[in-house]
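Enquirer: When you get a sec, could you give me coordinates for this:
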Amino acid sequence: MINYLNDTEYASKTLFDALKSEFHRLENLKAELLSKKDRLKHLQWDFSTYDQIEDYNELQLQHKFVTMAKFAQDANIPKLEQDISDLKTSIINKELSYQAIGMSILQIAKQGISKVYGNPAHCPDGRILTTQSLKNVIWQARNQSIHHEEGNYNNNVKNCFSD
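Expert: Sure thing, here's the model as predicted:
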């Protein structure tokens with residue numbers, strides 16, 4: 001099994017990296033947007049509550065407004081929101097590609113079991129994930145991914161993922 005894992009390591013890592021990169025990009029963009037929105041909200045609050053301070057003057061008020069407006073312009077929040085919307089649409093559009101990549105990862109793992117052990121009955125269980133052995137999760141997940149479009153899963157697949 002070690003030889004098989006070494007031989008397929010590059011392909012597997014490349015596939016996992018492809019899955020993760022777009023999702024990390026989206027999360028970073030969301031965090032940036034929230035940070036800028038929070039800062040803008042604070043500046044808007046600071047500007048809108050100026051009249052609650054007894055000794056304010058027009059110059060201070062003008063400075064608060066200019067600071068808020070400059071930040072809003074520099075942050076380019078509408079563009080960030082559009083970027084997030086575009087990225088979400090892109091991820092949805094790429095769903096079939098992501099499914100194919102996931103299916104490829106599972107196929108590599110399943111082929112390792114088949115090549116080294118012949119079938120799952122001869123393969124060690126591996127770690128237990130909740131109530132299922134790792135080998136069973138790999139085998140059944142691969143079967144589920146292959147037959148996903150049909151939506152008609154065999155009992156082994158159903159039993160594996162019903163727990």
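Enquirer: Strands of this protein, start to end?
Expert: For the chain, applying DSSP state E gives strands covering 128-129, 132-133.
Enquirer: now for the biggest helix by length in the chain, which elements pack on it?
Expert: As assigned by DSSP state H, the longest helix anywhere in the chain is helix 2-48. For helix 2-48, the elements it packs on are helix 58-75, helix 77-93, helix 95-117, judged by 3 or more CB pairs under 8 Å, 6 or more residues apart in numbering; DSSP states H and E. C-beta here means a position set from N, CA and C on the backbone, and glycine is covered the same way.
Enquirer: and the angle for it with helix 58-75?
Expert: With axes from the mean of the first three to the mean of the last three CA atoms, to 10 degrees applied, the angle from helix 2-48 to helix 58-75 works out at 160 degrees.
Enquirer: Let me know which of the helices and strands packed on helix 2-48 is tucked in deepest.
Expert: Among the helices and strands packed on helix 2-48, ranked by average contacts under mean count of other CB atoms under 10 Å, first place goes to helix 95-117 (a mean of 16).
Enquirer: What distance do you get for Ile77 to Arg39?
Expert: 10 Å (CB to CB, to the nearest Å).
Enquirer: got it, and Leu80?
Expert: For Leu80 relative to Arg39 (CB to CB), the value is 12 Å.
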